[in-house]
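>>> this is a predicted model, with the sequence first.
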Amino acid sequence: MFTFTDGIILRGLNLEPVKANVTVDDGIITDISKDAKEGKLIDADGAIIVPSFFNGHTHIGDSIIKDEGYGLSLGEMVKPPNGIKHRALASAEDSDIIESMKSSMLDMLESGITHFIDYREGGIKGVKLLKEASADIPIKPIILGRDDSFYGDNPDLAKVKSQIRKLLKIADGIAPSGFGEITDEVANLIVEECNKADKISSIHVAESESTQIESLERFGKTEIERGVQSNFNQLVHCTNPKNNDLELIKNSNANVVVCPRANATLNVGIPHVNEMLASGIKPILGTDNLMLNSPDMFRELEFTLKIMSVNYKSYLNPCELLKMATTNACLFDFDKSFIEIGQVAEFNVIKHFSKNPYLSIINRSQTKNILYTINKNIQ
């Protein structure tokens, strides 16, 4: 049992700032009050106590080719099966992939991330490689698998279904690349099997303007519309919405993950975070491909805050932005906790730089300013 004293706690799902102490016993928050003083006392000295970070979207396998291919198009970089990433993964030794993933997970842990969702290439083998890499690291990977059998205009649907079911035995869900690589029949199979197994179905949509235009020309629907109609429960990017796309998302059960730095690096646009928030959508923030970006939520938060102001000529609410890296994930059953009595203790204690606790974290904090990361696995 221990108690952090004299902290500024960002409490609950809404990250309400409260000056108080917080007690943790056997990995559970048991008290939040000015009088809490049980167990070992740790002086937070005015530091901010905030839920640990949730990285909503990574491709950790391409840690092996950091910064390669800069300046190339989205398709040249990451489109399966011949993008630079896929060729590199196909030719790499398993041991090299495992070591690069381990290094990246340790980087994430050091920067206050305790959970991340990964789009894992390589089928069953790819899922197993990430499980092996993460086995001794106190971080929670949520692993979404895919298989090469998904791709093409005339896939063998019996084989697709078989591979989906095999993947779902060891993965947390299924995540094909996008509608440019799969048919609607494959999409429907993925969602159907994931729903049966009570697991995640996720897909990239509307990452670029060109894929939206192509989808409209071929199918008369945007990629977001196809994602919603297929009932995927997670849509990644949504950078280039058209028509009533955001309204469709709002009225669906899908959660949205946005990756502003990756979108900027690939020159495909800036996600409409201001409009999403105004419409009631609760996005989750991710850093995307390790080949493009470091998996650092501090950098993602600061970039997002400032690029939204430049792009949309209006300020982004810093509390709502911080929720995108912390408590919004709690709304969608990702096994992520928030700071409240009875919740699992998963939080960062971060040095305080200004009177605004949200901007102190977003605008000024770095990994070196994390004083403690509390996680049920690393206490």
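Happy to help now that I have it. Numbering: from 1, shown residues only.
>>> all contacts plus neighbour counts: C-alpha atoms, from now on.
Noted.
>>> list of residues touching the host helix or strand of Cys194?
Secondary structure from DSSP states H and E places Cys194 in helix 184-197. By C-alpha atoms under 8 Å, 6 or more residues apart in numbering, the surrounding residues in contact with helix 184-197 are 150, 155, 157, 160-161, 164-165, 168, 173-174, 200-201, 230-232.
>>> what is the neighbour count of the closest residue to Gly178 other than its chain neighbours?
Counting by C-alpha to C-alpha, 6 or more residues apart in numbering, Gly178 lies nearest to His204, which is 5.0 Å off, once chain neighbours are set aside. Counted with other C-alpha atoms under 10 Å, the neighbours of His204 add up to 22.
>>> related to what we said a few turns ago, the following helix or strand past the helix holding Cys194: how far from the chain's middle?
Downstream of helix 184-197, the first helix or strand assigned by DSSP H and E is strand 200-205. Taking C-alpha atoms, centre = their mean, to the nearest Å, one finds strand 200-205 lying 12 Å from the centre of the chain it belongs to.
>>> tell me the angle the helix holding Cys194 makes with strand 200-205.
150 degrees (axes from the mean of the first three to the mean of the last three C-alpha atoms, to 10 degrees).
>>> contacting residues for Ile307?
Ile270.
>>> renumber starting at 52 from here on
Right, with 52 as the first residue, what we last looked at is Ile358.
>>> let me know the helix or strand that it is in.
Using DSSP H and E, Ile358 falls in helix 348-363.
>>> enumerate the positions of that helix that are buried.
Judged by neighbour count (16 or more other C-alpha atoms under 10 Å), helix 348-363 contains these buried residues: Met348, Phe349, Arg350, Glu351, Leu352, Glu353, Phe354, Thr355, Leu356, Ile358, Met359.
>>> in the stretch 152-301 of the chain, which spans are strands?
164-171, 191-196, 224-225, 251-256, 285-288 (DSSP state E, counting those that start in this stretch).
>>> swap in the stretch 302-430 of the chain?
Under DSSP E, counting those that start in this stretch, the stretch 302-430 of the chain gives strands at 306-309, 335-336, 339-340, 398-401, 421-425.
>>> mean confidence score for the longest one?
To tie it back to what came earlier, the one meant is strand 421-425. The pLDDT scores in strand 421-425 average 97.
>>> pull the residues that contact that strand.
Ser103, Ser162, Gly163, Ala396, Glu397, Phe398, Asn399, Val400, Ile401, Lys402.
>>> what is the burial count for the residue nearest to Arg62 when sequence neighbours are not counted?
Nearest in space to Arg62, with sequence neighbours left out and distances taken as C-alpha to C-alpha, 6+ apart, is Ile390 at 5.1 Å. By other C-alpha under 10 Å, 27 other residues sit near Ile390.
>>> and the gap between Ile390 and Val73?
9 Å (C-alpha to C-alpha, to the nearest Å).
>>> what is in contact with those two at once?
Ile80.
>>> got phi/psi on the residue nearest to Arg62?
Per-residue torsions, Ile390: phi -90, psi 100 (degrees, to the nearest 10).
>>> which residues touch it?
By C-alpha under 8 Å, 6+ apart, Ile390 lies in contact with Ile60, Leu61, Arg62, Gly63, Leu64, Ile80, Val101, Pro102, Ala396, Glu397, Phe398.
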